[in-house]
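[1] got a sequence here, can you build the structure:
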Amino acid sequence: MEYVNFGNSGVKVSRIALGLGLRGEGDAAKAERLIKSTIDLGVNLIDCANVYGLLDDRINSGTSEKILGKVIKSCRDDVVITSKVTSPIGELPNDSGSSRLHIMREVERSLKRLNTDHIDVYILHAPDHTTPLEEIIRAMDDLVRAGKILYPGCSNYKAWQIYRALSISEKTNAAPFIIMQNPYSLMNRQVEQEHFSLAKHTGVGIMAYSPLGIGLLSGKYDPKSNPFKGSLWNKPERSDYYLNLMKGRTAKLIETVRDIAENHSATPAQIALSWVLSHSEISVAISGADREEQIKENVQATEITLSENELNDLNNDSIGLSYVLDGDPEELWELPIY
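    Next comes the predicted model:
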């Protein structure tokens, strides 16, 4: 297993992280075994959030942290934990956002569920346009000084928002973001436009989430067929978008990924992950594996080296793609199909 510095910190983490969104897992015991197997493979970075839960259902919010807390009780020093705050956890006015009140309340709840006295990297899950950034930075820094978190980070922030946050941290002598978490895959290369240069200039690392395009690059989906039953893309609110999406350039890209996988005696998922990790700006790729065999397959992707020609083929077939594949299904139609 290869380990790298986590962003601009001295913390060493595996290049593959396990994400505990648990979209396809509804059994807590199986989720526990998944985490244990992941750690046994040498993966030492587990990505969580206060809203994550079994089957990625908000009714189950917090269960991912509880399951993780149970597993790491005997091996806390062996893992690096990230968790998040900002997303709605209820319907009351202060049940979401990055206000000092919400951050301070939620970190205590996460610490209790995780059964730990600190969170290694506490990540703002999304920008909060109603709270002054100065208030957010101060709240996160106070948590660092109190020892409840070791480092702050951000997710889904635009590059200019991160630059501004870093500037505020420098002026106020507050702990700066060490990591930014954004979607990045062959099907969504948007972060290359500004976040890559930000990473080079500041040292803030990038955690790539959805590196398999919400499973579309896993090899399980055929552009010529309907999504298989039980899959995320088979749900009524997504199926029509899927059929429209899997035409044109997307179909060509998936074919290229499959051809390269065959040349390496690998899986399409491993090729897609290897491509993501081939970029020096990417510190870590987050695996959304729900089963033990999936995380093992993902970890093996770190052993694959793509040739210059293979990288060129993948780059040419995916250049300019910026599909929004995660989030509210109604928002998926806002971007064009290429």
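[2] ok, then the element right after the helix or strand of the chain with the lowest mean pLDDT?
    Taking mean pLDDT, DSSP states H and E as the measure, the chain has helix 236-245 as its least confident helix or strand, at a mean of 83. Per DSSP states H and E, the first helix or strand lying C-terminal to helix 236-245 is helix 249-263.
[3] what packs against that following helix?
    helix 268-277, helix 308-318 (3 or more C-beta pairs under 8 Å, 6 or more residues apart in numbering; DSSP states H and E). From N, CA and C alone the C-beta is placed, and that goes for glycine too.
[4] buried sites along the least confident helix or strand of the chain?
    Buried residues in helix 236-245, counting neighbours by 16 or more other C-beta atoms under 10 Å, are found at 238, 241-242, 245.
[5] keeping just the C-alphas, turn that helix into CSV.
    Below are the C-alpha coordinates for helix 236-245, written out as CSV (Å, rounded to 0.1, in the frame of the first residue of the first chain):
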residue,chain,number,x,y,z
PRO,A,236,-37.4,6.0,-11.4
GLU,A,237,-36.0,9.5,-10.8
ARG,A,238,-32.7,8.6,-12.4
SER,A,239,-33.4,5.9,-15.1
ASP,A,240,-34.4,8.4,-17.9
TYR,A,241,-31.3,10.5,-17.2
TYR,A,242,-29.2,7.3,-17.4
LEU,A,243,-30.6,6.3,-20.8
ASN,A,244,-29.9,9.8,-22.2
LEU,A,245,-26.5,9.9,-20.5
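[6] specify the angle between that helix and helix 249-263 in degrees.
    80 degrees (axes from the mean of the first three to the mean of the last three C-alpha atoms, to 10 degrees).
[7] that's a strand at residue 286, yeah?
    Yes: read with DSSP: H, G, I helix; E, B strand; the rest coil, residue 286 is one of the residues of a strand.
[8] and the closest residue to residue 35 other than its chain neighbours, what is it in contact with?
    Setting aside the residues directly before and after it, residue 35 is nearest to residue 71 in space (C-beta to C-beta, 6 or more residues apart in numbering), at 4.6 Å. By C-beta atoms under 8 Å, 6 or more residues apart in numbering, the residues touching residue 71 are 32, 35-36, 39.
[9] distance of residue 71 from residue 195?
    32 Å (C-beta to C-beta, to the nearest Å).
[10] swap in residue 57?
    Distance from residue 57 to residue 195, by C-beta to C-beta: 30 Å.
[11] and if you look at residue 260?
    Residue 260 is 26 Å from residue 195, by C-beta to C-beta.
[12] quick one: which of these two has more around it?
    Taking other C-beta atoms under 10 Å, residue 260 and residue 195 do not tie; residue 260 has more neighbours (24 against 20).
[13] was I right to think the more buried one contacts residue 271?
    Yes: under the criterion of C-beta atoms under 8 Å, residue 260 makes contact with residue 271 at 5.1 Å.
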